[in-house]
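> Just the structure for this:
(2 chains)
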Amino acid sequence: MAMFVNPLQLKAKGILGINQRNSDYIMRYNQRRLYPLVDNKLQTKRIAIVAGIAVPKLFSVIKYNHQRKKLGGLLDKYDDLVIKPAHGSGGNGILVITGKIGERYKTPSGEALSLSAVKHHVSNILSGMYSLGGVPDQAFLEYRIKFDPVFNDISFKGVPDIRIIVFRGIPISAMLRLPTSQSGGKANLHKGAIGVGIDIANGHTTYGVIGNQITSHHPDTNKEIEAIKIPRWDEILQIAVNCSNTVGLGYLGVDIVLDSTLGPLMLELNARPGLNVQLANQHGLLKKLKKVEALENLPTKVEQRVAFSRSL
Amino acid sequence: MHKLAVQFWSIVFIAIGLAIFSHKVFQLGMPVTPDATTDTWTIQARLAFYGNGKNIKASMAVPNITPGYIKIDEHYISGDFGLNAKVKGDNKSAEWAKRKAYGEQTLYYRTTLTRSNVATKWNVTPDYPQAPEFFEPYSTAVNKIIEDVRSHSADTASFTFELINQLRNTDQNENTSLIRGLARTDEQTADLIIKLLAVAHIPTRKLWTIGLADAANDVIPTVLIQTYNGEEWLTFDPKSGTSGIPKDQVIWNVGNAPLYKIKGGEQAELRYSVTKSFVELVDVAKLSAKRQRSILGKFTLSSLPVHSQNTYSLILMVPLGALLVVFMRTFVGVQTFGTFMPILIAIAFRETQLLWGVILFTGIVFVGLLIRLYLERLRLLLIPRLAAILVIVVILMLIISFFTSKLGLDRLLSISLFPMVILAMTIERMSITWEENGAQIALVQGLGSLFVACLGYLVMTNEHLSYLMFAFPEFLLIILGVCIWMGRYTGYRISELMRFREIKTTT
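The predicted model follows:
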């Protein structure tokens, strides 16, 4: 296998590069003043709730270091939760607690953390350790997703999520992100999670990539990851469209998780979604982007947009 | 629309930059390489005489048209004499005057010249001379010689050459030895040849030249002759017949006018002395800029105070480093910690040299990472932790300086110029990247930063580039234009050609 691919072939496949993504799409369609809406997950959650978009339930917000005192009480009340930084990126700074053993808190990786360890984590979040530029941040506690059993066999610890790229309110590409042992249970492709392409038209998975390599099986469970039907696909696409309409960003990444009881929930939004979705789908974004860009009148209703997206 | 504006501005900036650059290089002769020097000769003419209380008028020939050389400097030292420099034909003369003068008087003319390829043109076109009269037995001999020379030549040049040759021939016939006897000194020889050429109606004139030497006092001017062939003046050495102006001769005076004239003075003496030195080509260019009254000549960085010059010679390299970073990130896709951190590291490398810089940088970051790993377990808050790392970095630098000074490795003392805040931030970011994105990405970014820093060092310490940036700050406009242009590069990065290599390229 050659080290490099011919750029003309990439172009023929309609692969979008970072430079072009930044200058032709992000800079053109995403107004900078809207970034805080998606960079701050708490704010995203609030506007999503107002717009009627389903999100994981918010338990509590910790803004100041002295509020860590109430952490013990909160952890007693909700012993099954996720602690997140409001400005985290790439799944960093997320602490998942699945229950309590004695005085210690269980994490999915089997660790048992003391209360002071959890408090330290929260203070790290507050001091801005996980935020871009190290600016002081807020931590919030929310409902821990119990993912849909359809992903049981193809997920290692962590929660798989679905990333949908929405352009001008039309979903144009989607992928399923499956945590692996290498990614430490995180659905972050840079850390070694698998990206699996999803055919927007029917909600079936296509190819999987781990790193930049193509794979058809999950490395930890050895189960096939291709041709899986994602349940409630239409609803998922509707959430993606709704998010795009609500937040007003023209080029948006929507992360959705599928809870076994609550159904699809919007987890977070991304104003600068990555390009690996192209590898997972073995399909460039440019063709659809150009098609949608050329349209003057887009359908207005959510159902119409979803239908249009599935017909693209 | 945006794309057009981008192209417009980048073309405008690049064009302005290139225009100023080429003006400086081609019009003003600014050298494009550093330490380019050129030889210069300073010729001094000293005219001394005694005044006896009468009106004094002294004149001296000074160079005017100097083929092969260009005057970069010219001074008249006149004392209390009134000075008037006049150009007449191909000559120039300095005329001094004073109402009354007693005792020894000295006047100086001093000029500095350097070689030049600029073509010069003589202004004077001569008339055909009248044939002079010779008395017998010379008349017959002259006619014989002229006849003989004519039969051996085809044009003015070959005629002159043949005539000079016949006269200097050692086994002379009686005609030539008779004529030869008329001239003893070089000047007389030249006059004789001029007279003989006049018989053949060839226009001629004398040239006085000063021979250039490393250092010479009492230089005696050499005499050359020129003949006019109807189109141009041809120069010959009357002694050897060699044509052309000798390479190391500067033309001082043209024609039959004397080298100096004194009215009202006595015991006049004119002495020439020559000293050789060299100047930076830049200075020559600046002089010619002054001479051409170019505004750009005035806006040079070398007109700043020396210490700000030194600062600017470094500052001007930073945009080049930035250009490199833009290229490495936008076109190649190298990952680095922070956008311009590699440049700061590169600047630090200037002091330590590359190899030691890399070793020290890697060493400090490595040790810093180990200590940071322990600090992680202490669960410090972010800002105090950063400050702690900063202190540790300073301590590490101090230790290194202490030991290297004991070992006599003075070069490593310059580690103190390492940007410690940058080092501390690098350690912090690398350790966070390590923890969050894994060792691989942390190493990739760390090595990427180091790689770009090394390249930046090589670019920013390149003497040639450094000279170019300093002598031609208009390159900043070109860099600006290129940056604007690259800002709209929407093509793939080289790293993406690797990243997407698993895309099935068959459709």
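
> who's in contact with residue B:187?
Residue B:187 sits next to B:206, B:223 when contact means C-beta atoms under 8 Å, 6 or more residues apart in numbering or on different chains. Any C-beta I mention is one placed from the backbone N, CA and C, and that applies to glycine too.

> Apply 10 Å and report the result again.
The contact partners of residue B:187, by C-beta atoms under 10 Å, 6 or more residues apart in numbering or on different chains, come to B:206, B:208, B:221-223, B:238.

> Now it: which helix or strand?
Secondary structure assigned from DSSP states H and E places residue B:187 in helix B:186-199.

> next one: residue A:209
Going by DSSP H and E, residue A:209 is in strand A:204-210.

> can I get the CA coordinates of that strand in CSV?
Output of strand A:204-210 as CSV, limited to C-alpha atoms (Å, rounded to 0.1, in the frame of the first residue of the first chain):
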residue,chain,number,x,y,z
HIS,A,204,-27.4,0.7,8.1
THR,A,205,-23.7,0.7,9.0
THR,A,206,-21.2,0.4,6.1
TYR,A,207,-17.5,0.3,6.8
GLY,A,208,-15.4,0.6,9.9
VAL,A,209,-12.2,2.4,10.4
ILE,A,210,-9.8,2.3,13.3
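
> Pull out the buried positions in the helix holding residue B:187.
For helix B:186-199, the neighbour count (16 or more other C-beta atoms under 10 Å in any protein chain shown) marks B:186, B:189-199 as buried.

> and that helix, how far out from the chain's middle?
42 Å (C-alpha atoms, centre = their mean, to the nearest Å).

> quick check, the strand holding residue A:209 touching chain B?
Yes. Counting by C-beta under 10 Å from any C-beta of the partner chain, chain B has neighbours in strand A:204-210: A:207, A:209.

> Show the subsequent helix or strand relative to that strand.
Next along the chain from strand A:204-210, counting by DSSP H and E, comes strand A:213-215.

> so what secondary structure elements neighbour the helix or strand containing residue B:450?
Assigning secondary structure by DSSP H and E places residue B:450 in helix B:420-460. Judged by 3 or more C-beta pairs under 10 Å, 6 or more residues apart in numbering or on different chains; DSSP states H and E, helix B:420-460 is in contact with helix B:318-327, helix B:341-352, helix B:354-378, helix B:382-407, helix B:463-471.

> hmm, 7 Å instead?
When contacts are defined as 3 or more C-beta pairs under 7 Å, 6 or more residues apart in numbering or on different chains; DSSP states H and E, helix B:420-460 sits against helix B:318-327, helix B:341-352, helix B:354-378, helix B:382-407.

> how about these, which one is nearest residue A:186?
Of all the helices and strands packed on helix B:420-460, helix B:354-378 sits nearest to residue A:186, with 19.0 Å by C-beta to C-beta.

> Which positions within that closest one qualify as buried?
B:356-358, B:360-361, B:364-365, B:368-369, B:371-372, B:375.

> Tell me which two in these are the farthest apart.
Greatest spatial distance among these (C-beta to C-beta): B:356 and B:375, at 27.4 Å.

> shaky segments in the stretch 151-300 of chain B?
In the predicted model of the stretch 151-300 of chain B, residues B:170-172, B:282-299 satisfy pLDDT under 70.

> now the strands for it?
Counting by DSSP state E, counting those that start in this stretch, the stretch 151-300 of chain B has strands at residues B:204-211, B:215-216, B:222-228, B:233-236, B:249-254, B:260-263, B:265-280.

> just those strands: most buried one?
strand B:249-254 (a mean of 24; mean count of other C-beta atoms under 10 Å in any protein chain shown).

> got the contact list for it?
Contacts with strand B:249-254, where a contact means C-beta atoms under 7 Å, 6 or more residues apart in numbering or on different chains, come from B:43, B:61, B:63, B:65-67, B:69, B:90-91, B:113, B:205, B:207-212, B:221-222, B:245, B:259.
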